[in-house]
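S.K.: Sharing a model that was predicted from the sequence below.
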Amino acid sequence: MDCCTKATPKLPASDQDVHEKVRHGYAAIAETGILATATAPKGGGCCGPGSLTADDLAGQIGYSAAEIKALPEGANMGLSCGNPTAIANLKPGQVVLDLGSGGGFDVFLAGPKVGPTGRVIGVDMTPEMLSKARRNTAGYRKSTGLDNVEFRLGEIEHLPVADASVDVVISNCVINLSPDKPQVWREIARVLKPGGHVAASDMALLRPLPADVAAMVEALVGCIAGAVLLDEYRQMVVASGLVDVALRPKPEYVAALAEFKDPLYARIAESLPAGKTAADFITSVDVTASKA
């Protein structure tokens, strides 16, 4: 039985609960464009665009107007916190894997970079997101003339991808959502070819969040409560066996959301100590590493 058909190991009950909360939140985003929880502000952060449009947010974090315009309609849902395709140095003929591919945003940007001899695989655990991405594929094929992308249902802790089969792993604001981040990094190391590399945009903490903020379900789905301290993040990547590990904080993302009074970040600000802002606790970060 190959890696794509074997049974997925079961997570502990608490981890399954986290997965279900995230899955439910992102299913709602795929279907309605907003996070569906009883107490969540509409949109915000990785919950989809709030006061910023999805295209505005993409522009703020480094995507060009040409890239955004070239995307299939509906692929950009404002779920990014960085631009991993910009730091991945993609080349024609490479096999690229996108963890938590959502509606296909970065998959469709990576496809033309690897060209007709390359392949881009998106993995997402939310069936509604997978359906959306597969519908968007028709528009991608029409606009590019390429048939080099695919989407697979799976959890990033147990990737439906063979060992040493991928040249580049990318991910955009997803790894922090996992209840078992060390396992995610072990999986990245497993699927990479020797000499392959990973380029991820993610969220991390500069200091611990107050307990009431960390406990907010909408903050979890908004890529914040699941984030860990930068030093802990680096240790997880190193422990996976990857080398040349580099973490580069990118304050532009949180600054943009604060400036435009994003509803999720406004809610968080209410719970922070006097004189502190979200940017004192939270940062977007570019993470790169290689397989020896």
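M.R.: Good, I have the coordinates.
S.K.: Which residue ranges of this protein form strands?
M.R.: Counting by DSSP state E, residue ranges of the strands within the chain are 95-99, 119-124, 149-153, 166-172, 192-205, 243-250, 282-290.
S.K.: Could you list every helix and strand that the longest one packs against?
M.R.: Contact here means 3 or more C-beta pairs under 8 Å, 6 or more residues apart in numbering; DSSP states H and E; on that basis strand 192-205 packs against helix 84-87, strand 166-172, helix 230-239, strand 243-250, strand 282-290. (Glycine included, C-beta is placed from N, CA and C.)
S.K.: Redo those as CSV? Include distance to residue 155.
M.R.: What follows is those, written out as CSV (distance: least, C-beta to C-beta, whole Å):
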stretch, distance to residue 155
helix 84-87, 19
strand 166-172, 13
helix 230-239, 17
strand 243-250, 24
strand 282-290, 19
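S.K.: any idea which of these is most buried?
M.R.: Mean neighbour counts were taken over those using mean count of other C-beta atoms under 10 Å, and the top value, a mean of 25, falls to strand 166-172.
S.K.: In contact with the closest residue to residue 98 other than its chain neighbours, which residues?
M.R.: Of all residues not flanking residue 98 in the chain, residue 122 sits nearest, at 4.6 Å (C-beta to C-beta, 6 or more residues apart in numbering). Counting by C-beta atoms under 8 Å, 6 or more residues apart in numbering, residue 122 touches 97-98, 101-102, 104, 107, 133, 149-152.
S.K.: Just give me the least confident of those residues.
M.R.: The lowest pLDDT within these belongs to residue 102, with 89.
S.K.: give me phi/psi at that one?
M.R.: Dihedral angles of residue 102 (phi, psi; degrees, to the nearest 10) stand at phi 60, psi -130.
S.K.: shouldn't it be in contact with residue 133?
M.R.: Yes - in this structure, residue 102 is within contact of residue 133 by C-beta atoms under 8 Å, at 6.9 Å.
S.K.: anything in contact with each of the two?
M.R.: With C-beta under 8 Å, 6+ apart, residue 102 and residue 133 have common neighbours 122, 124.
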